[in-house]
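> Have a look; sequence and predicted model below, questions after that.
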Amino acid sequence: MNKNVILVGCGNMGYAMLKGWLASGTVRPADITVVEPNEALRSRAAETGANVRPSADGIAAGSADLVIIAVKPQVIRDVLPAYRALAPHAAFLSIAAGASIATFTDLLGENTPVIRCMPNTPAAIGKGMMGIYANRHVGPQMMEFVNALLSASGEVAVLESESQIDAVTAVSGSGPAYIFHFIECLAAAGVNAGLSEETAKLLAMQTVYGAACLAKESDEEPARLREQVTSPNGTTAAALDVLMGEGRLAKLLDEAVNAARLRSIELGK
Ligand SMILES: NC(=O)c1ccc[n+]([C@@H]2O[C@H](COP(=O)([O-])OP(=O)(O)OC[C@H]3O[C@@H](n4cnc5c(N)ncnc54)[C@H](OP(=O)(O)O)[C@@H]3O)[C@@H](O)[C@H]2O)c1
């Protein structure tokens, strides 16, 4: 299913995803055109074998099946009009936080197929989590292609409504920062318990990594895995009494996720 793809913006996220797509072979370098005004970033993109351009000038209508928008949300309204001629033949996939489907259809035409995607930074190492929502103009073939393309950067969850993007932002988009903080706190607690900083950091990091891998690979629910390592009156039970007593950690995380979700809604206005 060869498709011609235009990637608009090849900064941190755009470049990380581009490398993943090419490594997975979902798209051939010759079928990708990167539009990036920054010369250094353009050269970096060119090294992958993709075609590069400094601007949308000269891109002919009908020359792309998918246009991927990876610029900062603040510049979306200035950037999109240059690609209007490609719609509605081309679908538009946006990874810009907060930019709604309506922003795209207002600028590109009502019938434009638009997919919103909320990735997270582990996508840079192929371990990302992408939540996607597509409007009704996106056909099954394009959906399949987008799914295959994004799977090169990690897992893909297809959402039922656009408003769920705010929840995805709050859980997996911002989520890596919560886990980084958890690692910091676990390491600091390890130092307080008598370990060196270096050892405590290694222990905390590898424990989060190992537990996440185990939870993902196991057929058991995370709650069951937790129960399996918690013997009555044992050490884990003593710690979990502190974390789970009166639903402490659950309430804290619920509050944190809700704060991020409300902020995401606010930023999208
Ligand atoms: N990084 C993340 O963790 C993350 C996570 C989730 C979602 N996102 C989303 O990903 C998008 C990109 O973020 P980023 O961190 O990759 O930003 P970035 O590093 O600033 O990359 C954006 C690139 O787009 C270029 N650009 C500006 N105007 C352009 C135009 N008209 N045509 C083509 N390229 C243009 C910028 O060049 P100049 O610098 O020269 O303007 C820059 O190189 C954002 O919308 C963000 O919301 C990022």
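Received it, and whenever you're ready, just let me know what you need. Numbering: from 1, shown residues only.

> how close does whichever residue of the stretch 1-150 of the chain sits closest to the ligand get to residue 75?
When you check the stretch 1-150 of the chain against the ligand by CB to the nearest ligand atom, the closest residue turns out to be residue 11, at 1.8 Å. To be clear about C-beta, it is placed using only N, CA and C from the backbone, and glycine gets the same treatment. Using CB to CB, to the nearest Å, residue 11 is found at 11 Å from residue 75.

> now do residue 177
Distance, residue 177 to residue 75, by CB to CB: 24 Å.

> just checking, what's the longest strand in this structure?
Counting by DSSP state E, the longest strand found in the chain is strand 128-134.

> just checking, what packs against that one?
In terms of contacts (3 or more CB pairs under 8 Å, 6 or more residues apart in numbering; DSSP states H and E), strand 128-134 is packed against strand 114-118, helix 140-151, strand 154-158, helix 164-168.

> outside of it, which residues touch it?
Residues from elsewhere that reach strand 128-134, judged by CB atoms under 8 Å, 6 or more residues apart in numbering: 101, 113-123, 143, 146-147, 150, 153-162, 164-165, 168, 172-173, 175.

> partner strands of it, parallel or antiparallel?
Strand 128-134 has the following strand partners under DSSP bridges: strand 114-118 (antiparallel), strand 154-158 (parallel).

> Give me the mean pLDDT for it.
On average, the pLDDT along strand 128-134 is 97.

> now do stretch 61-75
pLDDT averaged over stretch 61-75 gives 93.

> What parts of the stretch 151-269 of the chain come near the ligand?
residue 173 (CB under 6 Å from any ligand atom).

> quick one: the helices in the stretch 151-269 of the chain?
164-168, 175-192, 197-217, 222-228, 235-244, 248-267 (DSSP state H, counting those that start in this stretch).

> number of nearby residues for the residue nearest to residue 220 when sequence neighbours are not counted?
Sequence neighbours aside, residue 228 is the residue nearest to residue 220 in space, at 7.4 Å (criterion: CB to CB, 6 or more residues apart in numbering). Residues near residue 228, counting by other CB atoms under 10 Å, number 11.

> Make sure residue 228 is actually in contact with residue 221.
No. Taking contacts as CB atoms under 8 Å, residue 228 lies outside contact range of residue 221: 10.6 Å.

> chain center to the lowest-mean-pLDDT helix or strand in the chain, what's the gap?
None of the helices or strands of the chain scores lower by mean pLDDT, DSSP states H and E than helix 12-24, at a mean of 90. A distance of 12 Å separates the centroid of the chain from that of helix 12-24, by CA atoms, centre = their mean, to the nearest Å.

> What of stretch 100-119?
For stretch 100-119, the distance to the chain centre is 18 Å (CA atoms, centre = their mean).

> one step back: the ligand versus the residue nearest to residue 220, what's the distance?
34 Å (CB to the nearest ligand atom, to the nearest Å).

> contact partners of the least confident helix or strand of the chain?
With CB under 8 Å, 6+ apart, helix 12-24 has contacts from 5, 7-8, 10, 27, 29, 32, 34, 36, 41, 44-45, 48-50, 68, 70, 95, 119, 123-124, 126, 148-153.

> Check which residues of that helix are buried.
13-22 (16 or more other CB atoms under 10 Å).
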